[in-house]
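> I would like to see how this sequence folds:
(chains A and B)
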Amino acid sequence: MADNEIPLDKPPVVRYYGPFHLRKLIDAIRGFLLGEGFDDIQEPSYKHKVGGEGTDLEIKLKTDRKLNAYVKYEMEIEMRISDMKDVEVARDGEKLKMQHGRVQITVNGKTYLDFQKHFEGNNFLKSLRTFYHKMILGAKVYEYADYIETRAMRLQDLIKRTLGTETHG
Amino acid sequence: MAEQEFVLDKERIEYDGIFSVAGLYRLIDEWMLDKGYSRKEPMHTEAVKPEGKFVEIQLDSSKGLSDYASSLLKIRLQLTGIKDVVVESGEGVKQRLNQGKVIITLSGILETDYEGKWEGKPAFLFLRTLYDKYIYKPMTGGFQGVVRTDADHLKNAIAGYLNLHRYTT
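Residues are numbered from 1 along each chain as shown, chains lettered A, B, ... in the order given. The predicted structure is shown next:
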């Protein structure tokens, strides 16, 4: 790992089996990212397969946010849904059209320092960058990394809430 | 990787009966906040089954004790056969709670060199072992006590919460 990339220590994972609302789930994730200032949400991968047990979906969402000229955050959300079927669920006397299946969502994030690669030219510049991170930025580096950790946890919580799990903060 | 010493290894709490899943989760969450632990939820699994919900949550919480040592509490909650029930308290107030089986495993770990500063070269690693064994030992004893006290306190809080719920159905 390069010294200018700080990945999440443990990317949070949510696994769920049961009824859920796919549209609401995707909208909630997109809404959260946009609300946090992550724009230009890309979908680098979208796989859709119809099988005997139901539909299998694999969606990747990737986005980034530039904090300043030196620091950039990147978030990648990987959704794997298998055996998905359309179902009708009765909730509070109301019939709702939902989906039923297995969901696994991984929230990944990374903090990039020197994302414009000003210090990438040669080994001297790279050493200078290490010195800058260790001696000048110091604890600020952890603060930068903390931001993405917190956002990943909040998104995990939102996903849990949207899926209707028993526990969320 | 940091050096890990298990002060408390997989202590179990088992309970079968009426409780609140959200309440139990909140209790652990608030306890961590009160004691200055940062919380991470690397894994959350939930499945809606005909016999009741299955929930498995892995929580990792850590607190720095010094620049060199930190306390790490690993909690695994396994909830099976979780069903919604409505119970009436002594004053006739109706409450929505859950019924099911709870298994909680709790480990208390003392982590030294958690920032991995002594791991650059084999010689440093050797020095760290000497440092841990002969120089830092008196301090470690105190830190072990902190980890044990915190883990016991959390265990008692959970046990108390589960046993203090008495309702008439």
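> Need the three-state assignment for residue A:83.
Using DSSP: H, G, I helix; E, B strand; the rest coil, the three-state assignment for residue A:83 comes out as strand.
> any idea how far residue B:17 is from it?
To residue B:17, residue A:83 is 33 Å away according to CB to CB, to the nearest Å. Where C-beta positions appear, they are placed from N, C-alpha and C, glycine not excepted.
> How about residue A:32?
36 Å.
> do the same with residue A:168
Distance from residue A:168 to residue B:17, by CB to CB: 23 Å.
> Residue B:98 now?
Using CB to CB, residue B:98 is found at 10 Å from residue B:17.
> Which one of the two is surrounded by more residues?
Neighbour tally, residue B:98 and residue B:17, criterion other CB atoms under 10 Å in any protein chain shown: the higher count belongs to residue B:98, 23 against 15.
> Please name the residues that touch the more buried one.
Residues near residue B:98 by CB atoms under 8 Å, 6 or more residues apart in numbering or on different chains: A:166, B:18-21, B:82-85.
> That one: what secondary structure?
Counting by three-state DSSP, the backbone at residue B:98 sits in strand.
> Look up the closest residue to residue B:72, ignoring the ones flanking it.
Residue nearest to residue B:72 in three dimensions, not counting chain neighbours: residue B:109, with 4.3 Å by CB to CB, 6 or more residues apart in numbering or on different chains.
> Surely that neighbour is in contact with residue B:2?
No: Residue B:109 is beyond contact range of residue B:2, at 9.4 Å (criterion: CB atoms under 8 Å).
> burial of the residue in chain A positioned nearest to chain B, as a residue count?
At 3.0 Å from chain B, residue A:18 is the closest residue in chain A, using CB to the nearest CB. When neighbours are defined as other CB under 10 Å, residue A:18 has 21 of them.
> so which helix or strand takes in the residue nearest to residue B:72?
strand B:94-112 (DSSP states H and E).
> buried residues in that strand?
By neighbour count, with 16 or more other CB atoms under 10 Å in any protein chain shown as the criterion, the buried positions of strand B:94-112 are B:97-100, B:102, B:104-112.
> next helix or strand past that strand?
Note on strand B:94-112: by DSSP H and E, the next helix or strand toward the C-terminus is helix B:122-130.
> need the next SSE after that following helix, C-terminal direction.
helix B:137-164.
> Please name the residues that touch the closest residue to residue A:59 other than its chain neighbours.
Nearest residue to residue A:59, sequence neighbours excluded (CB to CB, 6+ apart): residue A:79, at 4.5 Å. Contact partners of residue A:79, counting by CB under 8 Å, 6+ apart, are A:25-26, A:57-61, A:103-105.
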